[in-house]
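> predicted model follows, preceded by the sequence.
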Amino acid sequence: MPEAGSTGQGKASTSSRSSKKDVIHMERSRREKMTEFYTMLQSMVPNLFPKIQQVVQATRTRIVDEAIAYIKGLEEVIGALEAQKAAREASSGPATLHSQRSSTVEVSTSANTAFFAISFAARPGMVMKVLQVFEDHKAEVLNATIACNDGSVTVTVTASEMEEEALGKIKGDLIII
């Protein structure tokens, strides 16, 4: 009987060692995963210096503290931007909306050249529509520049000489886009 008991203890001992190895392996995996997460968090927070590990806990505490401060700062920025958006929406009524859709067109001529300055609220496809007007009137465009500033767009076009009637038609078409 002692042989049977000792065999049973051997199995229990082996099982116990295997269980301890599993626990150690799981704990090592957990620590490696946590290190990965801290490293990832550290890389996502701007202005957080690379790890200087004098004390691991202090470094991890700093990473978490800096991440929290950064997120709070982002929340403040979001709040300020939402307030600006709400104020802008509150101040724009139907008249403002209409004026945003209209464009201003200035035309001047000098020697054999016509200069157009077209300003309008930024909207998708508008620059193409402006250039299409010149294409439709078969105007020879020598130069075109586009400038964007604070929600508005200005397109300047230099075209070769054209008749006064063509200038008027192009200006009329540009105003109604």
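In hand now; what should we look at?

> low-confidence stretches in the chain?
Scanning the chain for pLDDT under 70 picks out 1-13, 47-58, 92-102, 111.

> any idea which helix is longest in it?
In the chain, ranked by residue count with DSSP state H as the criterion, the top helix is helix 2-44.

> which strands and helices lie in contact with that one?
With contacts defined as 3 or more Cβ pairs under 8 Å, 6 or more residues apart in numbering; DSSP states H and E, the packing partners of helix 2-44 are helix 56-91. All C-beta spots, glycine's among them, are computed from the backbone N, C-alpha and C.

> can you list the buried residues in the helix it packs on?
By neighbour count on 16 or more other Cβ atoms under 10 Å, the buried set for helix 56-91 is 60, 62-63, 66-67, 70.

> from the residues you listed, which is closest to residue 18?
residue 60 (31.9 Å; Cβ to Cβ).

> so that closest one sits against residue 38, correct?
Yes. Residue 60 lies in contact with residue 38 (Cβ atoms under 8 Å); the separation is 5.6 Å.

> reduced to three states, what does residue 162 come out as?
Under DSSP: H, G, I helix; E, B strand; the rest coil, residue 162 falls in the coil class.

> so who does it touch?
By Cβ atoms under 8 Å, 6 or more residues apart in numbering, residue 162 lies in contact with 114, 137, 139, 170.

> tell me which two in these are the farthest apart.
Checking these with Cβ to Cβ, the most distant pair is 114 and 137, at 11.1 Å.

> who has more neighbours, those two?
residue 114 (22 against 14; other Cβ atoms under 10 Å).

> my read is that one is in a helix, agree?
No. Using three-state DSSP, the assignment for residue 114 is strand, not a helix.

> state the distance from it to residue 132.
17 Å (Cβ to Cβ, to the nearest Å).

> same deal with residue 103?
14 Å.

> which of those two has more residues huddled nearby?
residue 103 (21 against 13).

> quick one: the more buried one from residue 42, how far?
Residue 103 is 50 Å from residue 42, by Cβ to Cβ.

> run through who's touching whichever strand or helix holds residue 127.
According to DSSP states H and E, residue 127 maps onto helix 126-136. With Cβ under 8 Å, 6+ apart as the test, helix 126-136 has contacts from 118, 120, 141, 144, 146, 153, 155, 157, 159, 170, 173-174, 177.

> give me that answer again for 6 Å
With contact meaning Cβ atoms under 6 Å, 6 or more residues apart in numbering, helix 126-136 is reached by 118, 120, 141, 146, 155, 170, 173-174, 177.

> which parts of this protein belong to which domain?
Here the domain assignment for the chain is 16-91, 104-176, based on the TED database.

> great, nothing more from me.
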